[in-house]
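> A predicted structure for the sequence below; I have some questions about it.
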Amino acid sequence: MLSFHVITLFPELIERYCSVSIIKRGIEKGELAVHAYNPRDFCADKYKKVDDSPYGGGAGMVLKPEPFFAAFESVPEEARQASPVLLMSPQGTPFHQDHAWQFSKELHIIFICGHYEGFDERIRTVATQEISIGDFVLTGGELPALTIIDAVGRLVPGVIGKSISLAHESFVDNLLEGPQYTKPPEFRGMEVPDVLRSGNHKEIDRWRRQQALKRTKERRPDLLQRVELNREDLKFLDSLNKQSDSVE
């Protein structure tokens, strides 16, 4: 079982999201667990103050170290030992699918979610890694933490019923997923490709591989540099390049 431990000023955000869909099913199956820790519960003053004005002046408020350290130290010791402690920050390492696979093998992951202007720098010392989900700023770290919980939790064995479906998703083998279809075979003049209805699984696999290559080339050509391409892949990509040149 993989347990997520989230230090957050808004535990209800974490709890509500994790009470539906795939993560909920993973919890019910006993494959996942999610625990939230509110730093306000560890404040010594009657106002439960978790932030203060920054030294040196400036706009906004800075999260105080005492309640966040106390919340972190309330996480069970077994979870704090040799487990990833991820601080959600736009300054962090960009999160990728490779991280999701790596984290899915852990027993515990701890998240530190900020809010307001930012963290007192000393809070960063408890983190083993800072993670970003993109080059933009949010009001807090809860959405990034939930993004990672979702991406990681679904990879834990037993959470998703048919693990074979994971093998065809985007970013597996660094390729974007190709087009998918279901019934009806024709809708408003748009038809399902004949190959998908042929029953020829070898040709279907070949078509899916080529469509994944095509979509990746069109939308994320940078990913192709990390793909292990065989001779047939290179021939197909070359044909796409020739088609593009002829159009121009």
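Structure received.
> just checking, D41 touches F68?
No: distance between D41 and F68: 11.6 Å, which falls outside the contact criterion (CB atoms under 8 Å). All C-beta spots, glycine's among them, are computed from the backbone N, C-alpha and C.
> Neighbour count: these two, which is higher?
When neighbours are counted by other CB atoms under 10 Å, D41 and F68 differ, and F68 comes out ahead with 24 against 12.
> measure that one to I123 for me?
F68 is 5 Å from I123, where distance means CB to CB, to the nearest Å.
> Residues that sit against both of the two, list them.
When contacts are counted by CB atoms under 8 Å, 6 or more residues apart in numbering, F68 and I123 are jointly contacted by I112.
> and after the longest strand seen in the chain, which helix or strand comes next?
What stands out as the longest strand in the chain, according to DSSP state E, is strand 85-94. On the C-terminal side of strand 85-94, the closest following helix or strand by DSSP states H and E is helix 97-103.
> what comes up buried for that following helix?
H99, A100, F103 (16 or more other CB atoms under 10 Å).
> for those, which one is nearest A79?
For A79, the closest of the buried residues of helix 97-103 turns out to be F103, at 13.8 Å, with distances computed as CB to CB.
> Tell me which residues touch the residue lying closest to that closest one once chain neighbours are set aside, please.
Distance criterion CB to CB, 6 or more residues apart in numbering; nearest residue to F103, sequence neighbours excluded, is V152 at 4.6 Å. V152 makes contacts with L2, A100, F103, S104, I109, as judged by CB under 8 Å, 6+ apart.
> Sticking with V152, tell me its helix or strand.
For V152, the enclosing helix or strand under DSSP H and E is helix 142-153.
> what mean pLDDT does that helix have?
With pLDDT averaged residue by residue, helix 142-153 scores 98.
> Measure how that helix sits relative to strand 85-94, angle-wise.
With axes from the mean of the first three to the mean of the last three CA atoms, to 10 degrees as the basis, helix 142-153 and strand 85-94 are set at 90 degrees to each other.
> Next secondary structure element downstream of helix 142-153?
Toward the C-terminus, helix 142-153 is succeeded by strand 186-187 as the next helix or strand (DSSP H and E).
> Let me see the confidence value for the nearest residue to P179 once chain neighbours are set aside.
Closest residue to P179 apart from its sequence neighbours, by CB to CB, 6+ apart: Q211 at 5.9 Å. Q211 is assigned a predicted lDDT (pLDDT) of 97.
> Could you double-check that Q211 lies in contact with L176?
No: contact criterion CB under 8 Å: Q211 and L176 do not qualify, at 9.4 Å.
> In contact with the nearest residue to H115 once chain neighbours are set aside, which residues are there?
Nearest residue to H115 in three dimensions, chain neighbours excluded: G140, at 4.2 Å (CB to CB, 6+ apart). For G140, the contacting residues are T8, L9, F10, C113, G114, H115, by CB under 8 Å, 6+ apart.
> got the buried residues for stretch 27-38?
Result for stretch 27-38 [16+ other CB under 10 Å]: buried residues I27, E31, L32, V34, H35, A36, Y37, N38.
> between these, which is closest to R220?
After measuring the buried residues of stretch 27-38 against R220 - CB to CB - the closest member comes out as L32, at 29.6 Å.
> Which residue is the nearest non-sequential neighbour of the closest one?
Of all residues not flanking L32 in the chain, G26 sits nearest, at 3.7 Å (CB to CB, 6+ apart).
> Distance of the one you found relative to F103?
14 Å.
> need the longest helix for the protein.
Counting residues, the longest helix in the chain under DSSP state H turns out to be helix 201-219.
> chain center to that one: distance?
The chain centre lies 24 Å from the centre of helix 201-219; the measure is CA atoms, centre = their mean, to the nearest Å.
> Then stretch 94-106?
Centre-to-centre, stretch 94-106 and its host chain are 8 Å apart (CA atoms, centre = their mean).
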